Structure formats: C-alpha cells, structure tokens
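In: Return atomic coordinates for the entry below.
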Amino acid sequence: KPKDAGKWKWILMDFDRGLGSVNSQMISFYVNEDGWPLKELMRNQDFKKQFGIKLSDLLFTTFNSNRMIAEIQDHINTIEAEIPNHVDRWKGTSGTGNYSSIRAISSVNYWLSEVEKLKTFAQARPGVILNDLTNYGFQAPVPVSVTTFPAQSGVLTFNGLKIPVDVCSGGYPKGEVINLKAEAKPGYNFLGWKSNVDSSLISKEQIWKYSDTGTDLGTSWNNSDFSDASWKSGQAELGYGDGDEKTVVGYGGSTNNKYITTYFRKSFDLNNKGKVTRLNLSLRCDDGAVVYLNGIEIQRYNLPSGTIGFGTIALTSIAGTDESTFHTFTIGAESASGIGAPANSASKGGERNTEVSSGTRRMTFASERLLARTSLRLAASITCSA
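Out: Below is the predicted model:
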C-alpha cells in the first residue's frame, strides 16, 4: 500500500516461481485463483483500469527489459566466481520430499545456460503481458521510447515512476495517457522535450537473402564484404511449419533431423550516421537468433552466452503467442559499433557501386536463426533515431 495511505499491504511470496516460461502464469492465472482478493477486485471496472495502467507503467520502468537484464548480470557477476565451488560441493545431491526430482547444478555451463534463460524471459515478458492486457479492455501496445540526452544529465519520471535507464524503450497500451517529468542534475539545465525522428532502415516483410542448405558457413558470412550472390531471396516472414510464411525455407530431407541453423542477410544504406543516437530492432523468431551488423554482434535472443556456432541450439522452445510476437531491442549507437564500418562495394540493380556518397554507410544486417523443431519463423525490422 502507499506509505501514507491505502488499505492494502501486499505480501509477496514464491519468488522462486518467477522468471519461468514466458507464456505461462498470465493475468488470468491470478484473476481466476480462488481465495485471492484480485479475483473480486477485477470485477470493479475502475480497479481493472487502474490495475492495467499501473502494470503497464511498471513494465516500462521497474521491469523494463534493459534494467532487468542489467540486474541479472549484476547478480551473475557477484556470484559467478563461487559457482564452481558449489557445483563440486553439491554434486550428486537432490531435493527431498516433493522436490526429490530436482538435481543440483551439474556444471558451470549448465548454470550459465540457466541464467541466459532468465535474460530471455526478462526481454520477452513485458511484451507478452502487454498483449495479454488486450483481454482486459486495453488496446494493443505501441512502441514507446524515452531518451535522456546527454546521458546521466537528469532524472525522468514516467507516470510518476523513475525511468531507470538513459535510453528506455518498450511498449504501452495505445490510447492511454503518459505523463513525463524531467529534473536536471547539478550542472545541467532542462531545455525541453524533443520528439525523436525515426527512420526505417528495414521494414517488415521486405526481401531478404537466405541460405537454407544446412551448410556450416563459419564466421565470415556475417561480414559486410561477404558475397551472398548465390543465396536465395525471399520476402519475410521466412520460415516453415505454420502455413502463413511468405517464403518457405528448406530444412533438409528429414522431418526428424531438421537443419539447426539457417542464415539470413539484408543490406541497407544509412545517411548521416553521425546523427544516429540508437537503433531499434524488432525481431520475431522461433526459436532463437543472433543478429550482427557489419560482422559485429548487436543482439542475441534465446541463445546461450559464449561463442555461437553452427551447432548451437536455442535455450528453450518457443511456443504459443510468443511465436508471433515481435521483441523490440534498443541498441545504442556506441554498442552498434559496426555502424562506423567503412562503406563497402555492393551489387545493386545489375551495376557495380564502388563509391558511396559522403555521410552514407552501406550496412549489412545479418541474422542466424537456430534450433528448428517443428517450425521456423524469422521476421525483423530496424529503425534509427536521430
């Protein structure tokens, strides 16, 4: 309850049941639980509205994907050095009673794969819950991004909640009111608000190059100077297994032994790259993907940490509504260091371009999708903000 008012004081329980499956424990799970007050509270339309707004506010701020992943990484850094000791100490043990089937951590690599699942959950969960709110009278979410510039120059609040990162992106129910407030830190003055100018670099349902031969292409395939002239071309969404793909890609001759990895490439020209403050990547994949920009990794989803190779499989199998959800990632210009790569020659319209005008960079956006079980889906879009 509020510190100075209110009737309720909620007691949180069972934290060990959090950060599980992205598509489980939806709002209905709690609404339909007998004996919990939420079931009756949600019968009140005013409370239902307040609940949805507050939940959306928290998903954008406190539970913002970037903040949550940073928190997870901070805990990883704190305990990682001790994990080998605990693996040795508890080797061969298991739980007791109802938990007798739960085994101790088997190895450091297993532990690392499990914490990557936490990051995947933190990245995907806000969008899943925002979509779930459409079942409770809210419109589908729209992308929202708030940037503090220069970084660390002030404190911004979003409907009264502190925005935790300098570049904060997520979704919010369409048609709902957002109140932003800014307070400058010492040494800075607040000059005002400015709308970001977004430019679409890769739109949804564009033509992509792809390789579905089941061949290990090593590491050079994602470089900007790699020749993909022999690759096939097709319109996104690319994949197989669901029947709604615009381009069906191959998976080999056996339904029981499908190719693990399929490669995708897309090039675009970027003008005035010095004015770009961030890239926004929207990615839909089943099950996992790693994304490169001019040979430099800028994002991975549902994949383990460490080196990604031809035989690397996804952490979990994507199912349910998550198969059709676009996950949005914000990539700061400093992180997308591939954006500064020199302009490269590229075949275009049957002519050979050996020069690109001043201020323009030809970018190669490449994605490697891994673990095809019953279906494969990949679609993406990317925008830049100046």
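In: The stretch 201-350 of the chain: strands as residue ranges?
Out: Taking DSSP state E, counting those that start in this stretch as the criterion, the stretch 201-350 of the chain carries its strands at 207-211, 232-235, 238-240, 247-248, 261-271, 278-286, 288-293, 296-301, 327-332, 346-348.
In: Neighbours of the spatially closest residue to residue 288 that is not a sequence neighbour, how many?
Out: Leaving aside its sequence neighbours, residue 288 sits nearest to residue 314 (CB to CB, 6 or more residues apart in numbering; 3.2 Å). Every residue, glycine included, has its C-beta placed from N, CA and C. For residue 314, the count of nearby residues is 22 (other CB atoms under 10 Å).
In: circling back to that earlier point, can you put the strands of the stretch 201-350 of the chain in TSV and add mean neighbour count?
Out: As requested, the strands of the stretch 201-350 of the chain are arranged in TSV below (neighbours: other CB atoms under 10 Å):
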stretch	mean neighbour count
strand 207-211	20
strand 232-235	14
strand 238-240	23
strand 247-248	16
strand 261-271	20
strand 278-286	23
strand 288-293	24
strand 296-301	20
strand 327-332	20
strand 346-348	13
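In: for those, which one sits closest to residue 221?
Out: Closest approach to residue 221 among the strands of the stretch 201-350 of the chain is made by strand 261-271 (5.8 Å; CB to CB).
In: before we move on, the earlier item: who wins for proximity to residue 99 among the strands of the stretch 201-350 of the chain?
Out: The closest of the strands of the stretch 201-350 of the chain to residue 99 is strand 288-293. By CB to CB, the value is 29.3 Å.
In: Within the sheet, what are the partner strands of the closest one, with directions?
Out: Using DSSP bridges, strand 288-293 pairs in its sheet with strand 296-301 (antiparallel), strand 360-370 (antiparallel).
In: which element is residue 85 on?
Out: Using DSSP states H and E, residue 85 sits in helix 83-89.
In: Quick check: buried residues in that helix?
Out: 83, 87 (16 or more other CB atoms under 10 Å).
In: before we move on, what about stretch 315-335?
Out: 315-316, 318, 322-323, 325-333, 335.
In: just stretch 124-136 next, same as before
Out: Neighbour count says stretch 124-136 has 124, 125, 126, 127, 128, 129, 130, 131, 132, 133, 136 buried, by 16+ other CB under 10 Å.
In: which residues touch the fifth one?
Out: Same thing as residue 128. For residue 128, the contact set (CB atoms under 8 Å, 6 or more residues apart in numbering) comprises 22, 23, 26, 321, 322, 325.
In: Go ahead and confirm the fifth one touches residue 24.
Out: Put plainly, it is residue 322. No - if you go by CB atoms under 8 Å, residue 322 and residue 24 don't touch, sitting 10.6 Å apart.
In: that older thread, relative to residue 98, which of the strands of the stretch 201-350 of the chain is closest?
Out: strand 288-293 (32.1 Å).
In: Pull out the CA atoms of the closest one and give them to me as PDB.
Out: Taking C-alpha atoms only, strand 288-293 is exported to PDB below (Å, rounded to 0.1, in the frame of the first residue of the first chain):
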ATOM      1  CA  GLY A 288      16.500 -18.300 -31.200                       C
ATOM      2  CA  ALA A 289      18.500 -15.800 -33.200                       C
ATOM      3  CA  VAL A 290      21.800 -13.900 -33.100                       C
ATOM      4  CA  VAL A 291      21.900 -10.600 -35.000                       C
ATOM      5  CA  TYR A 292      25.100  -9.000 -36.500                       C
ATOM      6  CA  LEU A 293      25.700  -5.500 -38.000                       C
END
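In: Return the distance of that strand from the chain's centre.
Out: Computed by CA atoms, centre = their mean, to the nearest Å, the chain-centroid distance of strand 288-293 equals 11 Å.
In: angle of it against strand 261-271?
Out: Put simply, strand 288-293 runs at 30 degrees to strand 261-271, going by axes from the mean of the first three to the mean of the last three CA atoms, to 10 degrees.
In: rewinding a little: can you name the element that comes right after the helix holding residue 85?
Out: Counting by DSSP H and E, the element after helix 83-89 in chain order, helix or strand, is helix 108-132.
In: Please work out the average pLDDT along the helix holding residue 85.
Out: Across helix 83-89, pLDDT averages out at 95.
In: hmm, who's touching it?
Out: By CB under 8 Å, 6+ apart, helix 83-89 touches 104, 105, 106, 107, 108, 111.
In: nearest spatial neighbour of the third one, skipping sequence neighbours?
Out: So that's residue 106. Residue 106 sits nearest to residue 87 (CB to CB, 6+ apart), 7.3 Å away.
In: quick one: that neighbour and residue 112, what's the gap?
Out: Distance, residue 87 to residue 112, using CB to CB, to the nearest Å: 11 Å.
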